[in-house]
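> Test case, fold it:
(chains A and B)
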Amino acid sequence: MGKRKQRLLRALGRSAEGVLRGLEEAADRPKQLDYFIEVMRAAYVDDCLAERLELNEPRPKVVGIYCVMAPEELVYAAGAIPLRLCGGSHEASCAGDELAPRDACPVVKSALGSTALGAPSLYELCDVVVVPTTCDAKRKMGEELAQHTEVWVLDVPHVKESEGARRQWLEELHGFKRDLERLTGNRIKRRALKEAIAMLGRAQHQARRLYQLRQAPVPVVRGNEAALALHAFAFDRADRWTEAMTRLNDELEDRVRHQQSPQGAQIPRLMLAGAPSIFPNWKLPNLIEEMGGALVTDESCVGDRYLYDPVGAVENTMEDMMVALGSRYLMPCTCPSFAPNDDRLFRLRQAVEDFQLDGVLYLVLKGCVIYDFELQRVEKLMRELGLPVLRIETDYNPEDVEQLRTRVEAFIEMIQENIQQEGGA
Amino acid sequence: MRVTRLRWLVLAVCFVLLTFGGRMGVHLGSYLPTFACYFTGFDSYGGACFLAPLQFALAAGSVDGLLKALLYVVIAILLIIPLGSAWCGWVCPFAFVQDVLDLIRRKLGLGYLRFPEGLREGLRPVKWVFLFIMLLLPLWAAFPILVPSVARHLNIPFCELCPVRYIMPMLTGRASYMGVDLENATTIILSGLGVFFAILTLVLSLFKRRFWCAYCPMVLVLSFFRRISLPKLKKDVQKCTRCEICYNVCPMDVEQVFKEREKENVTFPDCVLCLACIEHCPEDDALRATWAGKTFFRSTRKGFSRRRKIGVDSSKK
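Next up, the predicted model:
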């Protein structure tokens, strides 16, 4: 093992452990959260995901996936294991600095750094990685990754509405299916795909349950905890994750019933919009909760949006299931790499209503032009709905935490005052 | 699957009643705005399509005939108002035949065919053509000013072309209708086309869901009343995630429902109110069906999961 790799592993482990410890220190955390903490610990701290996933001989193929457009149903149906690789580590992004232009976003830098050095080693575990052509950075990242590993580029259309784009996307998925069959040597049969859709359907159902539980008038789980639980899906087998999530939801349901809350009713309810906070970059989720806000939802592709939509297959013929997968992984996605992306504004409007939001923090990861582009539209929408928006531009560097803390604190205080005034009036 | 099952039940009962009801003493007359074929025979059908008698009445060419035609139209409208396009989705015996063929396809594990938008757009005028044939040619037969030798044989021109007229009578043992009428050039052309349409419909219904309905003039006639008929399909555009499931489950390939971003009423002209979209919509209250303004069926995520036997929440005590 190279020295650089060892150094990176150690540094990664330290900062990831810091986040996980922080969560464990909250005595009022849900008991069932510990499972998800352990998943993340295995992935980033103990670096032992292969053992945790029990990749016994004959070792199943592992398919690394970026973004949220590659149907994991197909991966499971082929008998392979999917891992989600979008990077959130500051240390890895530093290692990736030399591999990407200065203005590239930290997600891409982190993924490049982790792939180049093979740390955490889950990046080395992947027999192939799938890179959907979402934003410019991800697309070019795919090209760079190809120096280190086999890369399949999944051509995602950027205009969802046109019939031609959707037909091409379906073709693309058929190609993805054939590639998976070639990789694993297993033909994807109708029954296997049906079962995979049902298995992920159960996961999506639990994710949606959590989504609904977090709409309770008194928050029953902290945002940095819920986001971690959802994120853990990236590094776990879907069925195990679903079992753990079912237990967590059951516990939270009990909390709703007994009106237990780590936070209380008067707390400002916030959304973390914009670019995703990817583990271990837990800067903003932690700050929001520490500074007296309740992070009740986000629109992150490793968070609330990750498993929100279900697959609507009805006939369970191969063609019908492929069409349903094509729809699921393209149409409801509100990633700003799509244009036009009015769908996102509709989703945000609905979230404001569902979660009774008081304010929106808008994360712009340095270099993420597309989320920044849409900020204006989101600000306009929120003005219309009477919600304050705080734009925060940052990367994974922990140095600006204190600075951000002041801003987040002031933002939450302002909202608190508004709430009190309204309550008094 | 509850609504789908219910719809299958209703369709099957209607199929039996309307096609064979006459043999069991059911006589609803031939006033129905649905494709229960008149040519299954007076002794067999329990109720039949009003288009055949309407054409006969028009072709009679007398004041009496025109009044009779008016009567048929008025009765049809009175029947359309309470059920709207549900006549197509829930009652039509030929819809049942097509759905059975569709079921066979599914059981064979074959995917469905979806025509590209361009082709669908191009074929859209077909049902208008059928409608004009149905309304205008009988009048020509009644007043044969031009080419009377042709006009004479145009009493029921649409029925001569209608594939249902060749398929349904076979089920009641009137197989003699299936074939080309060789009496003269006009009948050869009309019945030749009819037989062709019938074969085409039978074959393509195996691959394309509700193949015939896209060209059926009855769907068109019913769609004229979609604003005033009582059942409606409604959408909450904010709750919709545009996941496209409603389009994929729609046997009529109605795309506008998921694309709509403004209007609440999404009872589009091709909608047959089968309610499959509501059944499979995963968003709470994004789609619902109303009757006279009252909601009687709404989409829920719970329902979506339950239909897939997912997540009967474990903790429920």
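> Count the residues that sit near whichever residue of chain B sits closest to chain A.
Residue nearest to chain A within chain B (CB to the nearest CB): B:Gly111, separated by 2.2 Å. Any C-beta I mention is one placed from the backbone N, CA and C, and that applies to glycine too. By other CB atoms under 10 Å in any protein chain shown, the residues close to B:Gly111 number 16.
> same thing with A:Ala339?
Neighbour tally, A:Ala339, other CB under 10 Å: 12.
> Got phi/psi on it?
Main-chain torsions, A:Ala339, degrees, to the nearest 10: phi -150, psi 130.
> what residues are up against B:Asn248?
Taking CB atoms under 8 Å, 6 or more residues apart in numbering or on different chains as the contact definition, B:Asn248 lies against A:312, A:314, A:320, A:323-324, A:327.
> what mean pLDDT does the helix or strand harbouring it have?
Here B:Asn248 sits within helix B:245-249, counting by DSSP states H and E. Helix B:245-249 carries an average pLDDT of 96.
> helices or strands up against the helix or strand just after it?
Heading C-terminal from helix B:245-249, the first helix or strand you meet, by DSSP H and E, is helix B:256-259. The helices and strands touching helix B:256-259, judged by 3 or more CB pairs under 8 Å, 6 or more residues apart in numbering or on different chains; DSSP states H and E, are helix B:245-249.
> Output the helix it packs on as PDB, restricted to C-alpha atoms.
Written as PDB, here are the backbone C-alpha positions of helix B:245-249 (Å, rounded to 0.1, in the frame of the first residue of the first chain):
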ATOM      1  CA  ILE B 245     -46.300   6.400 -14.300                       C
ATOM      2  CA  CYS B 246     -49.800   7.500 -15.300                       C
ATOM      3  CA  TYR B 247     -48.700   7.600 -18.900                       C
ATOM      4  CA  ASN B 248     -47.100   4.200 -18.800                       C
ATOM      5  CA  VAL B 249     -50.200   2.600 -17.300                       C
END
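> buried ones in that helix?
B:245-249 (16 or more other CB atoms under 10 Å in any protein chain shown).
> Output these as TSV; include the columns distance to A:Phe338.
Below are those laid out as TSV (distance: CB to CB, whole Å):
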residue	distance to A:Phe338
B:Ile245	18
B:Cys246	20
B:Tyr247	18
B:Asn248	19
B:Val249	23
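> returning to what we had before: show me which of the contacts of B:Asn248 is closest to A:Arg202.
A:Gly312 (15.1 Å; CB to CB).
> ok, A:Leu83 touching A:Phe233?
No: if you go by CB atoms under 8 Å, A:Leu83 and A:Phe233 don't touch, sitting 10.3 Å apart.
> between those two, who's got more neighbours?
Applying other CB under 10 Å to A:Leu83 and A:Phe233 shows that A:Phe233 carries more neighbours, namely 26 against 22.
> if I read this right, that one contacts A:Leu307, doesn't it?
Yes: the pair A:Phe233 and A:Leu307 passes the contact test of CB under 8 Å, sitting 6.4 Å apart.
> between the two, what contacts are shared?
Contacts common to A:Phe233 and A:Leu307, judged by CB under 8 Å, 6+ apart, are A:203, A:207.
> Near chain A, which residues of the stretch 1-150 of chain B are found?
Contacts of the stretch 1-150 of chain B with chain A, taken as CB under 8 Å from any CB of the partner chain, map to B:106, B:109-112, B:116-117.
> which residues in the stretch 1-150 of chain B form helices?
Along the stretch 1-150 of chain B, the stretches classed as helices by DSSP state H, counting those that start in this stretch are B:2-20, B:51-60, B:63-83, B:86, B:93-107, B:117-123, B:125-142, B:148-151.
> highest average neighbour count across the ones you listed?
helix B:86 (a mean of 25; mean count of other CB atoms under 10 Å in any protein chain shown).
> Just the residues contacting it, thanks.
B:231, B:272-273.
> still on that earlier bit, could you report the pLDDT at the residue of chain B closest to chain A?
pLDDT, B:Gly111: 91.
> What are the neighbouring residues in contact with it?
A:315, A:317-320, A:323.
> and stretch A:190-200, how far out from the chain's middle?
Here the centre of stretch A:190-200 is set off from its chain's centre by 23 Å, with CA atoms, centre = their mean, to the nearest Å.
> That one and chain B in contact?
Yes: Stretch A:190-200 lies within reach of chain B by CB under 8 Å from any CB, at A:190, A:198.
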